[in-house]
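S.K.: Sequence and computational prediction follow.
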Amino acid sequence: MNNVTRLSSSVVNFDVFNLPPYTQIKVQVGGVDHSSMCVNDNGTVGDPVISDSTGRIKGKLILNKWWSSYTSGDIQITFGSAEGGTEAFDPPIWAIANLSNRLDNTLTSGGKVVAPTNAAGIQEATTTLSPVTQTFFVPERYNQGIVITSIELFFATKDSELPVSVELRRLINGLPSAGTVITDTTVVKNPSEVNVPADPNSGIGTSTKFSFPPVYLAPGEYSFSVLSNSPNYTLFAGKLGETILGSTSIVSKEPYTGRLFKAQNTNQWLEETNTDLCFKINKARFETGVKSFELQTAAIPRTEFDNIFLDTAQYNFGDLTKIDYEVKGIRWSDNVQQSYAAFKEKTPFKLVARWVTENVGDSKVQVTFTNNSTDVSPAIDKARTKLYSFKNLIDPFEVDTRASELQYNNGVAQSKYISKIVTLEDGFDSTGLEVKLDVNRKIGTDIDVFCRVISSADNGRDTSIEKKNWRLLPFFNQTANAINQSSISGSIGKVYVGTSETEFNTETYKILEGDSLVTTGTPNLSYTSNVGTGAATTFTSFNKFQVKVVFYAENTTIVPKIKNLIATAVI
């Protein structure tokens, strides 16, 4: 035999069964690992080669190197566990492919050496992959659906080595889905776990139960599929007009209202009329009443917060079920554990006082299920449940804090809103500014409104508006009697809304050229800047302005809010 040099790629189609289910497989060619050059059907080269629920892998192996060690005849391709190697399987799974003068080769294997097969052999080997599928109904009388936990099947015969699996599928346009399996419903049984009667002609015998995590199904039609790479598995079924096993009675009516689809290799479903599998579907039966349990925080770096938000995936069923939530935690000011307080999921919840969490269980959420149905139950998905905390960065009002905000670098207040710089059109320079906004001012909270301006004629050393100091815009009330900047008699007009989160009141803050001192007690917006050689120049108009709102609160959990801010330059 002569060595063969290959410059072009060779493709070997493989179809290997009798492997452990859901196991990553290492593929060796002549003792060299070629797993990275394999691809599962409908996969991508380089992806892990993983056996399916029945212990089968099917795909392609690409040979694109110089194979000086290969002869013009057969090569050995070995399939083994990615962790334990090919020796992990007993007997080893290996096969022979003949590469002589061929670029497209096919092999199948069942745990022993096999010769290259022809097209007919391939077709015969794949017929066992197409599932037998039975549809079933969740009746409308279960108007909120049911939760099923297992399916029981009645096998007449079984294989001595190969496994069998069952999986649930939804229906698409009245037919079972060809590729979509309901999550977590694939169950594999080895032959030792499958029950068959001693004599299949004497009766159906003991069922084989396929259990899976509880699955909720709304009223409607579904299906389950039975799959195996072995043709030796057979199932009991009832057919209209045939004799019932072990008796002389005839099946005189449709065995079940579902439909049976037999195996096909054309990607088409062939319905077997008047025939249904023998099967049982077991549903969960839930207790009624009220049950509670706690979720708690883990140990985390010290975290202070004023608000929480519970994001969870929960399942309720009309008026039959209900889920309630309560939360408790450690108060930040004195480290005292607070009592449970009710709150809603997916809704921001404002605490009465700031809390702190650091140690295991510092914060806890109590979940209470109320159930009035034996068919369904409320549920939450713990893996998709997150408790988010938010800390308000806000200061109490202090004269010094307000004074710092007059500086161009924006002061020390933690909570503020700063608008973008507004530039007026040429020729529309203004002398006054008015700010209107809706304010939610709770007890113990307040806001300040500031502005700063710059003239188009200001070409001094600090010609950027960001270098100009801020001015405090006074609250304006037409009925107030302004005597000077610090003395305003009459009704100031600020409205406090208690603790309401939804009540807003419109307020006006303004400085106007000419009458500003009379109406607000504040001088107008003129300012002085050094221009040219340093001479001080007073500017009485501006073409750019900016607005800032600063927020104050005595209690960090009770904060003011604003909306609908409108700033208007006036002449």
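M.R.: Great, that's in hand.
S.K.: pull the helix or strand with minimum mean pLDDT from the protein.
M.R.: Least confident helix or strand, the chain: helix 119-126 with a mean of 23, by mean pLDDT, DSSP states H and E.
S.K.: What strands line up against the next helix or strand after that helix, and which way round?
M.R.: Moving toward the C-terminus from helix 119-126, the next helix or strand (DSSP states H and E) is strand 132-138. According to DSSP bridges, strand 132-138 has the following sheet partners: strand 220-228 (antiparallel), strand 260-262 (antiparallel).
S.K.: helix or strand for the most centrally placed residue in the chain, which one?
M.R.: Here the mean C-alpha position of the chain is nearest to the C-alpha of R384 (C-alpha atoms, centre = their mean), at a distance of 7.3 Å. Using DSSP H and E, R384 sits in strand 379-390.
S.K.: mind saving the C-alpha coords of that strand as CSV?
M.R.: Output in CSV follows, covering the C-alpha atoms of strand 379-390 (Å, rounded to 0.1, in the frame of the first residue of the first chain):
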residue,chain,number,x,y,z
ALA,A,379,-45.0,29.9,41.5
ILE,A,380,-42.0,32.1,41.2
ASP,A,381,-38.7,31.3,39.4
LYS,A,382,-35.9,31.8,42.0
ALA,A,383,-33.3,31.8,39.3
ARG,A,384,-35.0,34.9,37.7
THR,A,385,-35.7,36.7,41.0
LYS,A,386,-33.6,39.8,41.8
LEU,A,387,-33.9,42.4,44.5
TYR,A,388,-32.5,45.7,43.4
SER,A,389,-31.7,48.5,45.9
PHE,A,390,-31.2,52.2,45.2
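S.K.: Tell me how many other residues surround the residue found closest to L472 once you drop the neighbours it is linked to in the chain.
M.R.: With sequence-adjacent residues excluded and distances taken as C-beta to C-beta, 6 or more residues apart in numbering, L472 is closest to F450, at 5.8 Å. C-beta: built from backbone N, CA, C; applies to glycine. Neighbour count of F450, defined by other C-beta atoms under 10 Å: 23.
S.K.: Check P139 too.
M.R.: 10.
S.K.: go on, S211?
M.R.: 11.
S.K.: so which helix or strand takes in it?
M.R.: Going by DSSP H and E, S211 is in strand 208-217.
S.K.: Tell me what angle that strand forms with strand 132-138.
M.R.: 50 degrees (axes from the mean of the first three to the mean of the last three C-alpha atoms, to 10 degrees).
S.K.: Which neighbours in the sheet does strand 208-217 have, and how are they oriented?
M.R.: Here, using DSSP bridges, strand 208-217 pairs with strand 146-153 (antiparallel).
S.K.: ok, the next helix-or-strand element following the strand it pairs with: who's next to it in the sheet?
M.R.: Remark: after strand 146-153, the chain's next helix or strand is strand 155-157, criterion DSSP H and E. Here strand 155-157 has these sheet partners by DSSP bridges: strand 234-235 (antiparallel).
S.K.: picking that back up, tell me the most buried of the strands paired with strand 132-138?
M.R.: Sort the strands paired with strand 132-138 by mean neighbour count, taking mean count of other C-beta atoms under 10 Å, and strand 220-228 sits at the top with a mean of 21.
S.K.: And for it, what's in contact with it?
M.R.: Strand 220-228 has contacts (C-beta atoms under 8 Å, 6 or more residues apart in numbering) with 53-54, 128-129, 131-138, 151, 153, 159, 162-171, 176, 182, 233, 235, 258, 261, 277, 279.
S.K.: Q28 contacts G80, doesn't it?
M.R.: Yes: counting by C-beta atoms under 8 Å, Q28 touches G80, with 7.2 Å between them.
S.K.: These two: which has the busier surroundings?
M.R.: Neighbour totals were compared for Q28 and G80, and G80 leads with 21 against 17 (other C-beta under 10 Å).
S.K.: so the more buried one sits in a helix?
M.R.: No: assignment of G80 by DSSP: H, G, I helix; E, B strand; the rest coil gives strand, placing it outside any helix.
S.K.: Test of understanding: give the bridge partners of it.
M.R.: Under the criterion used (DSSP bridges), G80 bridges to K26.
S.K.: so how far does stretch 271-281 reach from one end to the other?
M.R.: Stretch 271-281 stretches 21 Å from its first residue to its last (C-alpha to C-alpha, to the nearest Å).
S.K.: and it, what's its mean pLDDT?
M.R.: Looking at stretch 271-281 alone, the average pLDDT works out to 86.
S.K.: List the buried residues of it.
M.R.: Neighbour counts over stretch 271-281 (16 or more other C-beta atoms under 10 Å) mark 275-279, 281 as buried.
S.K.: Repeat that for stretch 375-388.
M.R.: 375-380, 385, 387.
S.K.: Wait, the residue nearest to L472 touches K548, no?
M.R.: Yes: under the criterion of C-beta under 8 Å, F450 makes contact with K548 at 4.3 Å.
S.K.: and for the two, which residues touch both?
M.R.: Contacts common to F450 and K548, judged by C-beta under 8 Å, 6+ apart, are 405, 470.
S.K.: The stretch 51-200 of the chain: strands as residue ranges?
M.R.: 57-63, 74-81, 93-98, 104-109, 132-138, 146-153, 155-157, 164-172, 175-181, 187-189 (DSSP state E, counting those that start in this stretch).
S.K.: Make TSV from the ones you listed and add mean pLDDT to it.
M.R.: Putting those into TSV (pLDDT from 0 to 100) gives the following:
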stretch	mean pLDDT
strand 57-63	75
strand 74-81	70
strand 93-98	46
strand 104-109	38
strand 132-138	92
strand 146-153	95
strand 155-157	90
strand 164-172	90
strand 175-181	80
strand 187-189	90
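S.K.: of all those strands, which lies closest to A413?
M.R.: Nearest of the strands of the stretch 51-200 of the chain to A413, taken as C-beta to C-beta: strand 146-153 at 54.8 Å.
S.K.: Could you check the angle that closest one makes with strand 379-390?
M.R.: Orientation check (the same axes, to 10 degrees): strand 146-153 against strand 379-390 gives 130 degrees.
S.K.: Need the contact partners of strand 146-153.
M.R.: Taking C-beta under 8 Å, 6+ apart as the rule, strand 146-153 contacts 138, 166, 207-212, 214-217, 224, 226, 235, 277-284, 286, 375-377.
S.K.: how about 6 Å then?
M.R.: Applying C-beta atoms under 6 Å, 6 or more residues apart in numbering, the external contacts of strand 146-153 come out as 138, 166, 207-211, 214-217, 224, 279-284, 375.
S.K.: cool, and stretch 560-571?
M.R.: Stretch 560-571 is contacted from outside by 424, 430-441, 445, 447, 547, 551, using C-beta under 6 Å, 6+ apart.
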